[in-house]
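Trainee: return a 3D structure for these sequence lines:
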Amino acid sequence: MYAFLTGKYTVKNPAYVWLDVNGVGYEVYISLHTYSKIQDLQQGRLLTYLQVKEDAHSLFGFFDEEERTLFTQLISVSGVGASTARMMLSSMKPEEIHHAIVTENELLLGKIKGIGPKSAKRLILELKDKLMKSKPSENILTAASNKVEADALNALISLGIARNAAFSAIQKVLKTENDIELESLIKLSLKNI
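Mentor: Residues are numbered from 1 along each chain as shown. All right, here's what the predicted structure looks like:
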C-alpha cells in the first residue's frame, strides 16, 4: 500500500521514527541497521512495509531495498513475525543474515534474541534456496568478507581446488568453529574436500 515515505524526521530513536510528510506524521518502526544510516539526517526517504492485523496497523521502514526484501522473506517463514524479523535486522546486517542462512550457520542465527534452534533450522530450510537464487553471484563474495575466510579461500584455490568446492569446505568448518586461525581453517577445510 505504501511503497515509501519522504519527509522530515521529527523524532528518531533506534526503535522507531516519526516522519513528517507534508504535515502528516507517520510512526515508522525501524531496525538498528536503518537507524545507523539515518541517525545524522534531518530528512530522508524510507522504504516501507505495512502490516495489517485485526488489532493494529504497523508501518515498518527500511533504508534500502535489500533490507526490506530480506524483512519480507523473514516474515514469510512460519513462526517469524515482524517483531522477530526486526530484531534479527537489528542484531545483524542484512548481508550477514543472508550469509548465515545460505551457509546454514545455525549457531550464528541461534544467537539472535527470539531465534532458537528450531527457528534457525526453519529459516535455513525455507529461505536458503530463495536467497541463493536472489544473489547467486554474490554468495561467495559475501562469505569471503571475513579476512581469514577470504585468505583461506584464496589459499585453497591456489592449491588447485575448485572455488565452489573450497567455499563449501570452508563453510563446513565454520559451522563448528567460530574463532579459528587461518592455518587451522585451511587444514580442516582440506579434510572436508
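Trainee: could you give me the average pLDDT of the helix or strand harbouring Leu190?
Mentor: Assigned by DSSP states H and E, Leu190 falls within helix 182-191. Throughout helix 182-191, pLDDT has a mean value of 88.
Trainee: now do the buried residues in it.
Mentor: Across helix 182-191, burial judged by 16 or more other C-beta atoms under 10 Å covers Leu185, Ile186, Leu188, Ser189, Leu190. Just so you know, the C-beta spots here come from the backbone N, C-alpha and C atoms, and that holds for glycine as well.
Trainee: now do the same contact list for the closest residue to Leu188 other than its chain neighbours.
Mentor: In space, Leu188 comes closest to Val173 once its chain neighbours are excluded; the distance is 4.4 Å by C-beta to C-beta, 6 or more residues apart in numbering. Remark: with contacts taken as C-beta atoms under 8 Å, 6 or more residues apart in numbering, Val173 is in contact with Ile180, Leu185, Leu188, Ser189, Asn192.
Trainee: just give me the neighbour total for the first one.
Mentor: Meaning Ile180. Using other C-beta atoms under 10 Å, the number of residues around Ile180 comes to 17.
Trainee: most remote residue from the chain's center?
Mentor: The outermost residue of the chain, judged by C-alpha distance from the chain's mean C-alpha position using C-alpha atoms, centre = their mean, is Gly23 at 33.6 Å.
Trainee: distance of that residue relative to Glu181?
Mentor: Separation of Gly23 from Glu181 (C-beta to C-beta, to the nearest Å): 58 Å.
Trainee: cool, Leu174 as well?
Mentor: In this structure, Leu174 and Glu181 are 13 Å apart, going by C-beta to C-beta.
Trainee: so between the two, which is more surrounded?
Mentor: Counted by other C-beta under 10 Å, Leu174 and Glu181 do not tie: Leu174 has more neighbours, with 22 against 11.
Trainee: pretty sure that one sits against Thr103.
Mentor: Yes: contact status for Leu174 versus Thr103: in contact at 7.1 Å, counting by C-beta atoms under 8 Å.
Trainee: so what's Asn13 up against?
Mentor: For Asn13, the set of contacting residues under the criterion of C-beta under 8 Å, 6+ apart consists of Tyr35.
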